[in-house]
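# Just a sequence and a predicted model for now, questions to come.
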Amino acid sequence: MDAWIYPSKIKNEPASLRVPTSKSLAHRSIICAGLSQGKSIIHDVDMSLDIQATIRGMTALGAKVDIQGNTLEIEGISSKTKLDEVSLDCNESGSTLRFLIPLCSVLSKKAILYGTPKLISRPLSIYQDLFQEDMKIEDHSVTVYPHLKAKHYQLLGNISSQFITGMLFTLPLLEEDSILEILPPFESASYLRLTLEVLEQFGIRIEKRSPYIYHIPGNQTYQASEYTIEGDYSQAAFFFCYGAFHQPLTLTGLKQNSLQGDSIILSILKQMGANLDKETQTIYPSILHGTKTNLEDCPDLGPILMATSAYAKGKSVFHGIRRLRLKESDRMKAMEEELSKFGIVVSSTEDEAIILGQDEIKTNESIDSHNDHRICMAMSILSTVSKNPVKIKGIECIHKSYPNFFQDLRQLGVNVEEQ
């Protein structure tokens with residue numbers, strides 16, 4: 001599907017919007033509930049394709065999930081008996097795949113985790129080194145056999161924190177204690193803080209002995225819990241930037257002092273000159289200026305911040321972009337290609353990008369989503385300030401994380417036509 005975004009007469013009056021709830025916290029709470037004894041209730045779950053993949057995965061491992069609107073009632077796995085063989089469809093969810101690989105090695109005698117070729121091609125080297133011959137990768141699947149034993153593990157911290165989270169879900173189930181050591185540099189540390197918060201909610205003890213070393217007591221049991229998922233700063237970022245372009249906008253459902261790393265969007269926009277009230281989560285139309293931003297701990301903000309910088313005054317410099325090249329698409333390459341269609345000057349090295357903003361946004365070319373939800377949404381936000389209509393191609397990719405994105409844009413007065 002495609003979408004046309006037309007120049008719109010957006011009223012400069014206050015508006016409000018509820019943002020989707022945190023995908024990161026939904027993944028984690030569903031997995032913990034699925035591993036718990038008894039029934040857990042998870043409130044405010046937005047059913048994106050990624051979250052549906054994690055629900056399918058935990059169901060395949062033996063959990064029972066009753067979906068009632070945005071509430072999940074989850075009856076956890078009743079025992080630690082190994083299943084003979086399981087098959088899991090991860091679709092395009094990197095979180096689902098990386099979180100569940102270690103669990104599958106403990107809860108089943110053989111597990112086949114399926115996914116799109118793009119998903120399976122994303123880095124799995126940490127698990128490959130760990131599992132060796134007990135893990136096999138093919139074009140559309142990863143096969144895992146029993147492997148993990150309690151011991152001292154060392155994991156690289158600069159590829160993805162998802163591997164670390166996957167191990168933290170699993171090691172408490174082993175009979176003996178384990179040590180998990182993260183080898184610096186450690187990027188996306190905020191995601192690990194989310195993992196530890198949810199594990200504690202479900203009764204799992206992890207002892208932090210240093211910023212890089214965690215002691216995990218063995219033979220633990222997940223405890224059923226009732227958990228409400230907070231709003232997602234990763235998704236809110238698109239509309240904070242929209243508000244800075246167009247109209248006073250209050251985003252609801254967000255938790256102040258959240259552990260989400262992407263909550264730094266507020267500080268970054270402040271640094272760019274945004275007129276922003278952090279207490280009410282309200283942003284006002286602002287004249288933005290380029291700034292320097294490190295994306296190591298918030299790579300998902302890369303596309304929307306780059307799109308926003310294209311309409312800011314002066315030069316923006318982004319450090320820590322290396323991991324943007326390893327997402328659903330090569331996000332740095334994608335942003336260079338699509339921003340250039342608006343005449344934006346972008347240059348990049350392996351780990352740094354520079355964008356020169358300009359006052360007028362206009363293009364006669366179609367914008368390609370690169371089958372990447374964050375590229376699609378970022379370029380759509382930029383297109384709302386275009387002087388002429390913009391066609392966004394391949395918009396179905398937003399269902400991965402934010403199915404109602406264009407509906408929410410229309411709610412704010414943007415003239416969007418989906419075809």
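That came through fine.

# Could you look up the SS state of the residue nearest to Ala150 when sequence neighbours are not counted?
Closest residue to Ala150 apart from its sequence neighbours, by CB to CB, 6 or more residues apart in numbering: Glu176 at 3.6 Å. For glycine as for every other residue, the C-beta is placed from the backbone atoms N, C-alpha and C. Of the three states, Glu176 takes coil according to DSSP: H, G, I helix; E, B strand; the rest coil.

# For Glu176, give its distance to Tyr214.
15 Å (CB to CB, to the nearest Å).

# Then Arg98?
Using CB to CB, which is the criterion applied here, Arg98 is 18 Å from Tyr214.

# which of those two has more neighbours?
When neighbours are counted by other CB atoms under 10 Å, Arg98 comes out ahead of the other of Arg98 and Tyr214, with 26 against 22.

# Tell me which residues touch that one, please.
If you count contacts by CB atoms under 8 Å, 6 or more residues apart in numbering, Arg98 has them with 124, 127, 160, 162-163, 165-166.

# Show me where the stretch 251-400 of the chain has its helices.
Secondary structure of the stretch 251-400 of the chain by DSSP state H, counting those that start in this stretch: the helices cover 265-271, 302-309, 331-340, 373-383.

# I'd like to know the average pLDDT value across the shortest one.
Helix 265-271 shows a mean pLDDT of 97 in the predicted model.

# next one: stretch 116-131
Mean predicted confidence for stretch 116-131 is 93.

# Please list the outside residues in contact with that stretch.
In this structure, residues lying in contact with stretch 116-131 by CB under 8 Å, 6+ apart are 90-94, 97-98, 101-102, 105, 135, 137-142, 144-145, 147, 153, 155-156, 159-160, 163, 166, 326-328, 371.

# Restricted to buried residues, select these in ChimeraX.
Those of the contacts of stretch 116-131 that meet the burial criterion (16 or more other CB atoms under 10 Å) are gathered into one ChimeraX selection, given here:
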select :90,91,92,93,94,97,98,101,102,105,135,141,142,144,147,153,155,156,159,160,163,166,326,327,328,371
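
# Mark which of the contacts of stretch 116-131 are part of helices, please.
Within those, residues falling in helices by DSSP state H are 94, 97-98, 101-102, 105, 163, 166.

# which among these gets closest to Leu249?
Gly94 (30.0 Å; CB to CB).

# nearest spatial neighbour of that closest one, skipping sequence neighbours?
Residue nearest to Gly94 in three dimensions, not counting chain neighbours: Arg122, with 5.8 Å by CB to CB, 6+ apart.

# so how far is Lys270 from that neighbour?
If you measure Arg122 against Lys270 using CB to CB, the figure is 33 Å.

# got it, and Leu174?
According to CB to CB, Leu174 and Lys270 sit 45 Å apart.

# With neighbour numbers in mind, choose between those two.
Leu174 (19 against 15).

# right, and Ala3 touches Arg410 too?
No - counting by CB atoms under 8 Å, no contact exists between Ala3 and Arg410, whose distance comes to 10.4 Å.

# what touches both of the two?
Taking CB under 8 Å, 6+ apart as the contact criterion, the common neighbours of Ala3 and Arg410 are Val416.

# Neighbour count: the two, which is higher?
With neighbours defined as other CB under 10 Å, Ala3 and Arg410 compare such that Ala3 has more, 23 against 15.

# what's next to the strand or helix carrying the more buried one, contact-wise?
Following DSSP states H and E, the helix or strand that holds Ala3 is strand 2-6. By CB under 8 Å, 6+ apart, the surrounding residues in contact with strand 2-6 are 366, 380, 383-384, 386, 389-395, 406, 409, 414-419.

# Name the strands paired with that strand and say parallel or antiparallel.
Based on DSSP bridges, the pairing partners of strand 2-6 within the sheet are strand 390-393 (antiparallel), strand 415-418 (antiparallel).

# Number of residues surrounding Met272?
Around Met272 there are 24 other residues, counting by other CB under 10 Å.

# for the one 10 residues further on, same thing?
Thr282 is flanked by 18 other residues according to other CB under 10 Å.

# can you check Pro184 too?
So Pro184, with other CB under 10 Å, has 10 neighbours.

# same question, Val86
Val86 is surrounded by 20 other residues when neighbours are defined as other CB under 10 Å.

# Check whether it really touches Ser105, as I assumed.
No - counting by CB under 8 Å, Val86 stays clear of Ser105, with 11.0 Å between them.

# which residues are common contacts for these two?
Contacts common to Val86 and Ser105, judged by CB under 8 Å, 6+ apart, are Ala111.

# how much space is there between Met167 and His289?
Applying CB to CB, one obtains 42 Å for the distance of Met167 from His289.

# More neighbours: these two, which one.
Applying other CB under 10 Å to Met167 and His289 shows that Met167 carries more neighbours, namely 25 against 16.
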